[in-house]
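Peer 1: Everything below, folded, please.
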Amino acid sequence: MDQPSRKDVALWDRLHAASAALREAGHDDLANAVDEILVPNGWGRLRRSDPGASDGAGNFAIYTSPTRHEHILTSARAAGDKLVDRVNEGLRLFLTGEFIPEKPKRAPRGSGARGVNINVRPSETLRLRVKERCEQIAPELGWKPTVSGVALAYLLRVYPLPSVDGLERQ
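Peer 2: Numbers count the residues shown, from 1 in each chain. Sure thing, here's the model as predicted:
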């Protein structure tokens with residue numbers, strides 16, 4: 001197991017000092033909030049309480065090629081975007097019918113490079129609603145989209161891959 005760095009230990013010590021200073025100043029409620037973070041797995045409670053964490057949802061893996069993975073992460077970083085915000089946006093647009101992904105092209109079995117995951121924490125509520133909508137829309141489309149497929153298609157719409165000789169890179 002990795003040893004904590006001096007910076008990590010300093011943060012721990014500073015949070016304990018902040019808690020003590022708040023308590024001395026008569027702000028027990030604020031000191032208690034800091035103390036809640038310092039208990040084992042307190043960071044998990046903090047993450048779940050983050051309003052930007054999309055309703056405390058768990059990890060959601062979007063499987064894609066290494067090329068697409070790198071392109072999407074680099075493009076989002078360059079744009080200053082949070083991927084979770086873009087994924088939530090795409091799921092909402094799918095639910096309203098403003099975004100319908102095209103049927104994904106599949107490489108012949110065993111011919112593709114090993115894929116990788118883009119990990120985000122989109123809204124659990126949106127994910128469940130999109131899953132239901134995928135079932136409903138499948139007969140109309142002639143194929144069944146998946147939640148991760150909708151998310152990936154939207155990310156590729158927002159961050160389109162550059163083309164090589166008129167063909168999209170994989």
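
Peer 1: where does this structure dip in pLDDT?
Peer 2: Residue ranges of the chain with pLDDT under 70: 1-9, 45, 47-56, 111-113, 164-170.

Peer 1: dump the residue contacts of residue 19.
Peer 2: Residues in contact with residue 19 (Cβ atoms under 8 Å, 6 or more residues apart in numbering) are 31, 34-35, 38. C-betas here are computed from N, CA, C, even on glycine.

Peer 1: secondary structure element for it?
Peer 2: helix 6-24 (DSSP states H and E).

Peer 1: Can you name the next helix or strand after that helix?
Peer 2: helix 28-38.

Peer 1: which strands and helices sit next to that following helix?
Peer 2: helix 6-24, helix 42-49 (3 or more Cβ pairs under 8 Å, 6 or more residues apart in numbering; DSSP states H and E).

Peer 1: Which positions within that helix qualify as buried?
Peer 2: 31, 34-35 (16 or more other Cβ atoms under 10 Å).

Peer 1: rewinding a little: distance to residue 99 for the helices and strands packed on helix 28-38 - can I get that in JSON lines?
Peer 2: Shown next, in JSON lines, are these (distance: least, Cβ to Cβ, whole Å):
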{"stretch": "helix 6-24", "distance to residue 99": "41"}
{"stretch": "helix 42-49", "distance to residue 99": "28"}
